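Trainee: okay, sequence plus prediction incoming.
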2 protein chains.
Amino acid sequence: MAQLPLDDSVDIPDDPAGSSSGSDRDVALLKELAAHMLGERDHMLGFPVNLDFDYRPLADFLQVHGNNVGSPAKNSEYGLHSRVFEQAVVSFFGRLAGLEDAFGYVTSGGTESNLYGCYLGRERFPEAVLYASQATHYSLRKIARLLRMDFVAVQVGDDGSMDLAGLRRHHSAHRGRPAVVVATIGTTTGGAEDDLVGIREALADEGTDEVHIHSDAAFGGLIAALSPEPRPWAFESGADTVALSGHKMLGAPLPCGVALARPEHVTAIHRPDVAVGSDDDTITGSRDAFTPLLLWYELRRLGRTGLARRVTHCLETAAYAEQRLREEGHHPERAPGSNTVLFDAPAPELCTRWNLLTVGDRAHLIAMPHVTGEHIDRLCADLRT
Amino acid sequence: MAQLPLDDSVDIPDDPAGSSSGSDRDVALLKELAAHMLGERDHMLGFPVNLDFDYRPLADFLQVHGNNVGSPAKNSEYGLHSRVFEQAVVSFFGRLAGLEDAFGYVTSGGTESNLYGCYLGRERFPEAVLYASQATHYSLRKIARLLRMDFVAVQVGDDGSMDLAGLRRHHSAHRGRPAVVVATIGTTTGGAEDDLVGIREALADEGTDEVHIHSDAAFGGLIAALSPEPRPWAFESGADTVALSGHKMLGAPLPCGVALARPEHVTAIHRPDVAVGSDDDTITGSRDAFTPLLLWYELRRLGRTGLARRVTHCLETAAYAEQRLREEGHHPERAPGSNTVLFDAPAPELCTRWNLLTVGDRAHLIAMPHVTGEHIDRLCADLRT
């Protein structure tokens, strides 16, 4: 996408009087930017974000400061909050993830959710090694550094998922130490899903039962859960903590996510009564009360059935893209049940036009909810020119 | 504030068809909640958040996903972002903080900003002890735990600021180790400000010059900077990193902040080209593009002169509250140049009605921008009944 041309300076003046700054002009500029961004929906095929939503009916909240400060489970002394809605969102995702009474909260995104899961794991097992596959999200190396944990990247197999024999080999070098393992459910490079049950078995075979498994299901959790053929991804398969995204399959104007945990794992970090009359058991402390309302609104509208229809739509669009790209000779490949299609990268200007990420000589098409068969047809027409 | 009575269940149904869930009813419920929250402005005297803003003209952004993923200083491959506006916000605050070319980004709030500052400090000096005063924000103990740093809480003097002789005594027990010191600019318990220059001198007197000073100016930074008599608070007084809040003096619908750093301190954590075509040098990775637009819009409207008028208004209101509460015999006290007034805590129902936080037998009144003399008069009338 070409950025909006900005003829005027966007600098913030010391004194707005007599400057080009001013609400009317600025509102016009920002409306133009928003329209420009909206227009880009027509060419956004390469990123795992949904662009099909409209939260403008909730604009009233743009004139008041809400704050879910402190524990999601306990009111604070700040009265302007949305905890009951946040808890409804957490409860919905907890049920979906196979743990009705999961502790959870709405986060600023996948990185905070992953940090939270790894933090709880480290507090359970302070000497643990942190394992994740080489295809893990880039935030995991940063999280290991933040948390001062030894990090080991395990090789992936042909299908892009963590190689369990490789995990065993690596862990045999750390025998006697506990393990925190990040299982990626839906790599951003092709949608591969790690085997949660297999991870625990592999470590048990090495004699290690002090294991915390964090499921980074930010990208693929809802797809695995709601596919016509559901796949293991969360508590039901032994995860201790789970990260979900709010801006990917569901959709939100800003990055957001949900962190879920078995309640007993939260005890170690729980500090009572320190956060404005609430407890402190999250990363952020002062917490966004607006985003939980957005997620609640959208989930109420869709329900589990609506989300499942959405996932089916994405998988059908991905299958259609795979078929069309094969017909056109672009060598597509797609993991079973994934909405990501890799194919021969076209010329750079086409990648830019269609917002396609490339890795090496392959481009990624990700069929998110706003992507339709018509997008695929137009892409294929472009590829022919 | 009493919470909105919720007659209907807010649960999220599996299938919205045939349930009480539905957009029209839900929008009506949420509009009622927003109105209820707005109404609370009239009684919100005890929390350091501004409730005087209106970002509804920017509601168009509620239908598109913006993402400033990766480095604030380098575009990513995701085209829908607001980096140029974020950079304008950072540049404005950098100038205010005495470092024109400060590295910075818009964060999810004070905790992330403080985590970022302490993280950079720890990466500079891995063996450092983390010091903060006993009046520091509750997030600092959590941050020390996350970062696996030894944490020492230094006692405060009569004025509520860090006792520098105490800092020296504590550090003499850790001689030879570097220090990361969090200087609080504006404690939430009374507005006290730590002495940045004094902290560096105290540690130099103990023979330590490997010192990273993080200014937690979330609450008091703009007050110290823009008071009629400005006080030291940031880079100009030796800070290495600075945390500012966006939802306190400025105002925002959700918690947000700004993290600022001397650019050379960011080098150690900078990872090129790992974040969707951008670099990774923030905590969050995928980063909110909406909030920077809100802050930009409001700062363009106010400028430095408007913010200074706002600070003056707050200080005048606090002085008026101090005077009126003294006349009424409630023993107010206020630190010089602070907008926080402590006074004898009234009955619990009045504290609830006026959203007053109490510590021991004292209540906190915080004169934020939405608080006027009329609020003070009504509070005093209530106190008489």
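Mentor: Alright, I've got the coordinates. Numbering: from 1, shown residues only, chains lettered A, B, ... in the order given.

Trainee: list the contacts of A:Asn355.
Mentor: A:Met1, A:Glu40, A:His43, A:Met44, A:Leu45, A:Gly46, A:Phe47, B:Glu77, B:Tyr78, B:Gly79 (C-beta atoms under 8 Å, 6 or more residues apart in numbering or on different chains). Where you see a C-beta, it was placed from the backbone N, CA and C, and this is true even at glycine.

Trainee: quick one: pLDDT of the residue lying closest to it once chain neighbours are set aside?
Mentor: Spatially, and ignoring its direct neighbours in sequence, A:Asn355 is nearest to A:Gly46 (4.5 Å; C-beta to C-beta, 6 or more residues apart in numbering or on different chains). If you check A:Gly46, the pLDDT there is 93.

Trainee: tell me the secondary structure for A:Gly46?
Mentor: coil (DSSP: H, G, I helix; E, B strand; the rest coil).

Trainee: so it sits against A:Ala367, correct?
Mentor: No - counting by C-beta atoms under 8 Å, A:Gly46 sits too far from A:Ala367 to count as a contact (10.6 Å).

Trainee: please identify which of the two sits among more neighbours.
Mentor: Using other C-beta atoms under 10 Å in any protein chain shown, the more surrounded residue of A:Gly46 and A:Ala367 is A:Ala367, with 27 against 23.

Trainee: check contacts around A:Leu120.
Mentor: A:Leu120 neighbours (C-beta under 8 Å, 6+ apart): A:His212, A:Asp240, A:Thr241, A:Ala261, A:His265, A:Val266, A:Ala268, A:Ile269.

Trainee: please list the residues of the stretch 151-300 of chain A that sit near chain B.
Mentor: Within reach of chain B by C-beta under 8 Å from any C-beta of the partner chain, the stretch 151-300 of chain A has these residues: A:247, A:251-255, A:269, A:271, A:274-277, A:280, A:283-291, A:293-294, A:296-297, A:299-300.

Trainee: among those residues, name the ones in strands.
Mentor: A:Arg271, A:Val274, A:Ala275, A:Asp280 (DSSP state E).

Trainee: from the contacts of A:Leu120, list just the buried residues.
Mentor: A:His212, A:Asp240, A:Thr241, A:Ala261, A:His265, A:Val266, A:Ile269 (16 or more other C-beta atoms under 10 Å in any protein chain shown).

Trainee: same list, those, but as a markdown table with secondary structure and pLDDT please.
Mentor: Shown next, in a markdown table, are the buried ones among the contacts of A:Leu120 (DSSP: H, G, I helix; E, B strand; the rest coil; pLDDT from 0 to 100):
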| residue | secondary structure | pLDDT |
| --- | --- | --- |
| A:His212 | strand | 98 |
| A:Asp240 | coil | 98 |
| A:Thr241 | strand | 98 |
| A:Ala261 | strand | 98 |
| A:His265 | helix | 97 |
| A:Val266 | helix | 96 |
| A:Ile269 | helix | 92 |
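
Trainee: and A:Arg287, how far from B:Gly176?
Mentor: The spacing between A:Arg287 and B:Gly176, counted by C-beta to C-beta, to the nearest Å, is 39 Å.

Trainee: more crowded one of the two?
Mentor: A:Arg287 (31 against 9).

Trainee: was I right about that one contacting A:Ser76?
Mentor: No - with contact defined as C-beta under 8 Å, A:Arg287 does not reach A:Ser76; the gap is 9.8 Å.

Trainee: intersection of neighbour lists for those two?
Mentor: A:Asn67, A:Asn68, A:Val69, A:Gly70.

Trainee: count the neighbours of the second one for me.
Mentor: A:Asn68 is surrounded by 30 other residues when neighbours are defined as other C-beta under 10 Å.

Trainee: quick one: which helix or strand includes A:Ala318?
Mentor: Element membership for A:Ala318 (DSSP states H and E) is helix A:290-327.

Trainee: can you list the buried residues in that helix?
Mentor: A:290-300, A:302-304, A:306-308, A:310-311, A:313-315, A:317-318, A:320-322, A:324-325.

Trainee: helix or strand right after that helix?
Mentor: Taking DSSP H and E, what comes next after helix A:290-327 is strand A:340-344.

Trainee: packing partners for that following strand?
Mentor: Applying 3 or more C-beta pairs under 8 Å, 6 or more residues apart in numbering or on different chains; DSSP states H and E, we find strand A:340-344 packed against helix A:290-327, strand A:362-366.

Trainee: ok, and what's touching it?
Mentor: For strand A:340-344, with C-beta under 8 Å, 6+ apart as the criterion, the contacting residues are A:190-191, A:318, A:321-322, A:325, A:330-334, A:361-367.
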